[in-house]
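Visitor: missing the sequence, but the structure's below:
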């Protein structure tokens with residue numbers, strides 16, 4: 001009976017062992033099947049180096065072949081692959097341990113790798129003599145200017161009141177404002193003189209997280225003072241002074257666009273948007289000589305839509321910034337030797353902190369070879385590939401789509417698993433909605449530029465014939481041919497006589513004639529998006545301002561998905 005019991009117990013143990021092996025095989029196969037699509041996706045998106053692919057195959061193959069061999073009765077092969085599968089984690093742990101104890105300080109000075117040569121070449125193309133650089137001349141002015149001086153009689157909610165910034169005004173009617181502005185006459189005079197000597201040219205940002213090179217607060221305040229001073233000259237019949245100041249403003253906005261960074265381009269477009277309506281005021285409401293009109297046309301921006309060139313310049317600098325961010329995975333010493341970094345810091349400000357905690361990041365010595373090229377110069381190819389997704393934005397015609405990608409999509413989760421730092425750089429740089437927004441704003445501004453040129457033609461016609469023309473066809477000889485086509489709507493501008501005045505506007509992106517109005521109609525859940533050239537400000541009925549109204553307006557302009565994404569980002573911790 002004892003022998004029979006022992007045999008029965010051995011049979012039970014054998015059955016349990018076989019079940020356990022079967023469960024282990026199934027678990028191994030399931031784990032491999034989960035890992036396989038992640039691995040293949042990481043390869044497809046280019047997130048693994050050949051070392052990473054090799055390591056992945058070594059890990060993946062035993063997990064698939066071993067259970068299959070076991071079910072097929074190939075126990076020897078299963079045992080060998082099982083030993084290999086179990087040994088790889090030990091080997092990885094050993095590699096991380098060696099990296100953790102390996103000495104870092106070899107007596108040489110190591111610094112994060114940077115593409116300084118490429119950046120220097122870009123700066124050299126933009127370089128001008130210091131004596132011609134208005135940014136250098138105005139640096140003491142910007143440092144001295146008090147940007148917090150905002151008296152209530154001149155500002156409302158931090159912005160210059162419309163009666164000063166968007167309309168001609170007279171010091172006799174606003175003595176307090178005129179006295180305050182006179183105290184800043186030195187700012188206006190210096191700004192005009194500096195820009196007359198040469199353009200503003202600030203250095204570029206080699207890294208996205210560097211401090212801004214453009215002193216935006218002081219520059220914006222200075223331009224605000226310049227504009228309200230020009231509006232005052234306009235209202236007090238000092239026409240030549242007003243034209244010179246408007247011309248200075250437009251030239252400074254051109255200089256900002258030459259900075260070839262998104263924030264600079266947006267700032268330049270916004271400031272130019274405020275200046276052009278006042279040029280139209282001068283052209284329509286004032287008696288001008290041919291010399292005056294020639295002076296105005298000499299400062300007006302070109303009617304050409306230079307978006308492809310502008311976009312190429314944006315991409316060129318952003319590629320360098322993108323590569324410099326990824327290049328922090330490498331470091332270089334004074335002798336020019338390059339190696340993978342012992343720590344990773346996305347900003348120069350945190351380098352010292354990272355060096356102090358470098359022992360905690362030694363695992364990067366094992367991590368980087370699996371997902372980054374050994375030669376940092378190959379980051380050029382990586383940047384070209386990643387920026388290729390925005391080639392549609394280089395097209396001059398048609399409205400670029402607002403590009404959206406869910407941050408927690410399957411592809412992004414695989415990218416995070418393969419190379420978190422590269423994925424983080426991508427979501428920082430490759431925001432398609434930002435590029436598309438810049439294009440929409442830039443194209444609307446080209447519309448305003450062309451509309452302003454049409455006003456120049458209308459004014460020249462009136463000076464010659466004594467009245468405004470009946471149609472825009474009559475001013476062909478006075479205006480560049482491309483000025484008649486509105487790039488925003490793809491149609492012609494709407495022009496209509498109204499007694500001794502006229503209206504001129506674009507029908508906007510919705511390609512619907514809304515009578516020159518730009519507003520959100522809550523009752524109809526409709527956005528009227530016409531771009532008014534003249535008169536520049538179309539009165540609209542008062543409406544309640546609320547967060548709900550703003551959200552509905554944004555949805556009407558950009559779509560629900562874009563607004564949802566902005567709300568998610570804003571509410572994120």
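Guide: Structure received. All values derive from a computational prediction rather than experimental measurement.
Visitor: Spatially nearest residue to residue 315 (excluding sequence neighbours)?
Guide: By the measure of CB to CB, 6 or more residues apart in numbering, the closest residue to residue 315 outside its immediate chain neighbours is residue 387, 5.5 Å from it. Quick note: C-beta positions are derived from backbone N, CA and C, even for glycine.
Visitor: which ones are touching the one you found?
Guide: In this structure, residue 387 makes contact with 315, 318, 319, 322, 430, judged by CB atoms under 8 Å, 6 or more residues apart in numbering.
Visitor: What residues does residue 320 make contact with?
Guide: Going by CB under 8 Å, 6+ apart, residue 320 touches 115, 118, 119, 122, 206.
Visitor: 6 Å instead?
Guide: Residues touching residue 320, when contacts are defined by CB atoms under 6 Å, 6 or more residues apart in numbering, comprise 115, 118, 119.
Visitor: Looking at these, which are in strands?
Guide: Among these, no member falls in strands (DSSP state E).
Visitor: can I get these in TSV with neighbour count?
Guide: Rendered in TSV, the data for the contacts of residue 320 read as follows (neighbours: other CB atoms under 10 Å):
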residue	neighbour count
115	21
118	16
119	20
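Visitor: how about a markdown table for those, with distance to residue 448 and pLDDT added?
Guide: Compiled in a markdown table, the contacts of residue 320 are given as follows (distance: CB to CB, whole Å; pLDDT from 0 to 100):
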| residue | distance to residue 448 | pLDDT |
| --- | --- | --- |
| 115 | 37 | 93 |
| 118 | 35 | 92 |
| 119 | 34 | 92 |
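Visitor: Now do the helices in the stretch 51-200 of the chain.
Guide: For the stretch 51-200 of the chain, the helices defined by DSSP state H, counting those that start in this stretch cover 75-101, 116-126, 134-144, 162-165, 175-182, 185-197.
Visitor: Quick check: mean pLDDT of the third one?
Guide: It refers to helix 134-144. When pLDDT is averaged along helix 134-144, the result is 95.
Visitor: That one vs helix 185-197, what angle?
Guide: Put simply, helix 134-144 runs at 170 degrees to helix 185-197, going by axes from the mean of the first three to the mean of the last three CA atoms, to 10 degrees.
Visitor: so what does helix 134-144 touch, helix or strand wise?
Guide: Packing partners of helix 134-144 (3 or more CB pairs under 6 Å, 6 or more residues apart in numbering; DSSP states H and E): helix 185-197.
Visitor: how big is the angle separating the helix or strand following the helix it packs on from helix 185-197?
Guide: From helix 185-197 onward toward the C-terminus, using DSSP states H and E, the following helix or strand is helix 216-235. On the basis of the same axes, to 10 degrees, helix 216-235 is oriented at 100 degrees to helix 185-197.
Visitor: Off-centre distance for helix 216-235?
Guide: Mean-position distance between helix 216-235 and its chain equals 27 Å (CA atoms, centre = their mean, to the nearest Å).
Visitor: Who are the packing partners of it?
Guide: When contacts are defined as 3+ CB pairs under 6 Å, 6+ apart, helix 216-235 packs onto helix 185-197, helix 239-257.
Visitor: quick one: which of the ones you listed is nearest residue 142?
Guide: helix 185-197 (9.4 Å; CB to CB).
Visitor: contact partners of that closest one?
Guide: Identification of contacts with helix 185-197 by CB under 6 Å, 6+ apart yields 134, 137, 138, 141, 222, 225, 226, 229, 248, 251.
Visitor: Kindly recompute the last result at 7 Å.
Guide: When contacts are taken as CB atoms under 7 Å, 6 or more residues apart in numbering, the neighbours of helix 185-197 outside the stretch itself are 132, 134, 137-138, 141, 145, 222, 225-226, 229, 244-245, 248, 251-252.
Visitor: Tell me the buried residues in that helix?
Guide: With burial defined by 16 or more other CB atoms under 10 Å, the residues of helix 185-197 counted as buried are 187, 188, 190, 191, 192, 194, 195.
Visitor: any idea how far residue 144 is from the third one?
Guide: If I follow you right, that is residue 190. For residue 190, the distance to residue 144 under the criterion CB to CB, to the nearest Å works out to 10 Å.
Visitor: per-residue confidence for residue 572?
Guide: 35.
Visitor: repeat for residue 221
Guide: 93.
Visitor: What residues of the stretch of helix or strand residue 412 belongs to count as buried?
Guide: In this structure, residue 412 sits in helix 410-418 according to DSSP H and E. If you call a residue buried by 16+ other CB under 10 Å, then helix 410-418 has these buried ones: 412, 414, 415, 416, 417, 418.
Visitor: Quick check, the second one in contact with residue 40.
Guide: The reference is to residue 414. No: if you go by CB atoms under 7 Å, residue 414 and residue 40 don't touch, sitting 8.8 Å apart.
Visitor: ok, then the element right after the helix holding residue 412?
Guide: Next helix or strand after helix 410-418 toward the C-terminus (DSSP H and E): helix 420-429.
Visitor: Could you report the distance from residue 485 to residue 213?
Guide: According to CB to CB, residue 485 stands 36 Å off from residue 213.
Visitor: Show the contacting residues for the closest residue to residue 199 other than its chain neighbours.
Guide: Closest residue in space to residue 199, ignoring its immediate chain neighbours: residue 255 at 4.7 Å, by CB to CB, 6+ apart. Contacts of residue 255 were listed using CB under 7 Å, 6+ apart, and they are 199, 200, 201.
Visitor: one more time with 8 Å, if that's ok
Guide: Residues 134, 199, 200, 201, 268 are the ones in contact with residue 255 under the rule CB under 8 Å, 6+ apart.
Visitor: what's around the first one, how many residues?
Guide: Spelled out, it's residue 134. Here the number of neighbours of residue 134 (other CB atoms under 10 Å) works out to 24.
Visitor: Tell me the first helix or strand C-terminal of the helix or strand hosting residue 275.
Guide: If you go by DSSP H and E, residue 275 is part of helix 262-285. Following the chain from helix 262-285 toward its C-terminal end, the next helix or strand by DSSP H and E is helix 290-299.
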